[in-house]
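[1] got a predicted model here, sequence first, then my questions.
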Amino acid sequence: MAEITNDDDRMAKPTRVQLRSKLAYDKLARYLDELETKKMILQRPLLITEKGKDFLQDYDRISNFILEMGIKYLDIPSNEMRGSKAI
Amino acid sequence: MITKDNRDLENYHPMKFIDQMERNKHILLLYDDQKYANWIIARYVNNGIAKGESCVFYSYDRPEKAEKQLDAEGIDVALLKQKKQLRIYQIDRSVDKKRDLLLALKQRNYEMKESTKGMKAPYRFIGKSIPDVGTKDGIDFGILVEGTGHLHFDEFNCSLVCYYDISEIEPTGRHEWISSLLKSHHYVIYATEPNKAVAFETALLEQD
């Protein structure tokens, strides 16, 4: 999602986002659909919403919440939590 | 006068999310510091009052204790009670000890109706829905109650904050309890020290 905001124009170009994210087209399309369902982006034209911007700002805190819940409260070893995005 | 405490409160990260929350949501408030939980609850009540909603605070203790707590956060409890915009309602969850799901849900339904008599919808509720999270048995039953309640949440014209002190949760049941709570609420608010506090939609944690 950060790749969408990195575009110089207000509207991001899907091909540029695909290049920057290094994702196969079908995978990118699936992620974009999911982000649109969660109201983080609009697809036509490709734009990040206010909710999407808020999420980008909160991303570190949300990751930390998951990590802290896991390590501090759920007794999951820290090495098992690395890179985990969902409980 | 703007005090340091006021500034800290205004800058507290989850506040923006709380101000923008949609109506009729089931909200999980996990906290490890009562001070920050009180900030969240007070903001939630104030926002509800400002939107013309009626607020009910469920308490296991004497209502005076909760009134004092809300007063300390700057809520004019006496005035709001008089205007029927806020009520502190004492609840008794001894029925939960029977571990009968239907009975527990009936009790909660009855409390909702009784506690809002004479008040104007929509409602905002705040309460520790499951009293016994200190035992594995209590947690197992709590998962059933919270999960079933969430499935039928849309049938009620209300929003509800369920708050839990993380330190009170029985350690071997924590994983199951917190994971289950995240699946049975629309939003989660983590009330902790300011640099870690966060609020977000639980749908973000769903895996494909």
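    Nice, I can see it.

[2] only alpha carbons, please: show stretch B:79-95 as PDB.
    Taking Å, rounded to 0.1, in the frame of the first residue of the first chain, the C-alpha atoms of stretch B:79-95 are listed here in PDB:
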ATOM      1  CA  LEU B  79     -26.200  16.300  35.400                       C
ATOM      2  CA  LEU B  80     -26.100  13.600  32.800                       C
ATOM      3  CA  LYS B  81     -28.000  11.200  35.100                       C
ATOM      4  CA  GLN B  82     -30.600  13.800  35.700                       C
ATOM      5  CA  LYS B  83     -31.000  14.300  31.900                       C
ATOM      6  CA  LYS B  84     -31.200  10.500  31.500                       C
ATOM      7  CA  GLN B  85     -28.200  10.500  29.200                       C
ATOM      8  CA  LEU B  86     -26.000   8.500  31.500                       C
ATOM      9  CA  ARG B  87     -26.800   5.700  33.900                       C
ATOM     10  CA  ILE B  88     -24.600   3.600  36.100                       C
ATOM     11  CA  TYR B  89     -26.200   0.200  36.400                       C
ATOM     12  CA  GLN B  90     -25.100  -2.400  38.900                       C
ATOM     13  CA  ILE B  91     -25.100  -5.900  37.500                       C
ATOM     14  CA  ASP B  92     -24.900  -9.300  39.100                       C
ATOM     15  CA  ARG B  93     -23.400 -12.100  37.000                       C
ATOM     16  CA  SER B  94     -23.800 -15.000  39.500                       C
ATOM     17  CA  VAL B  95     -25.900 -16.700  36.900                       C
END
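
[3] longest helix of chain A, counting residues only.
    Secondary structure assigned by DSSP state H gives helix A:50-68 as the longest helix of chain A.

[4] show me what it is packed against.
    In terms of contacts (3 or more Cβ pairs under 8 Å, 6 or more residues apart in numbering or on different chains; DSSP states H and E), helix A:50-68 is packed against helix A:2-5, helix A:78-81, strand B:198-201. Just so you know, the C-beta spots here come from the backbone N, C-alpha and C atoms, and that holds for glycine as well.

[5] where exactly do the strands run in chain B?
    Listed in chain order, the strands of chain B (DSSP state E) span residues B:26-31, B:54-59, B:86-90, B:123-127, B:158-165, B:187-191, B:198-201.

[6] what's the average pLDDT for the shortest one?
    With pLDDT averaged residue by residue, strand B:198-201 scores 94.

[7] what helices and strands are in contact with it?
    Using 3+ Cβ pairs under 8 Å, 6+ apart as the contact criterion, the elements in contact with strand B:198-201 are helix A:50-68, helix B:14-20, strand B:187-191.

[8] turn those into JSON lines, columns for mean neighbour count.
    Output for these, formatted as JSON lines (neighbours: other Cβ atoms under 10 Å in any protein chain shown):
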{"stretch": "helix A:50-68", "mean neighbour count": "16"}
{"stretch": "helix B:14-20", "mean neighbour count": "17"}
{"stretch": "strand B:187-191", "mean neighbour count": "24"}
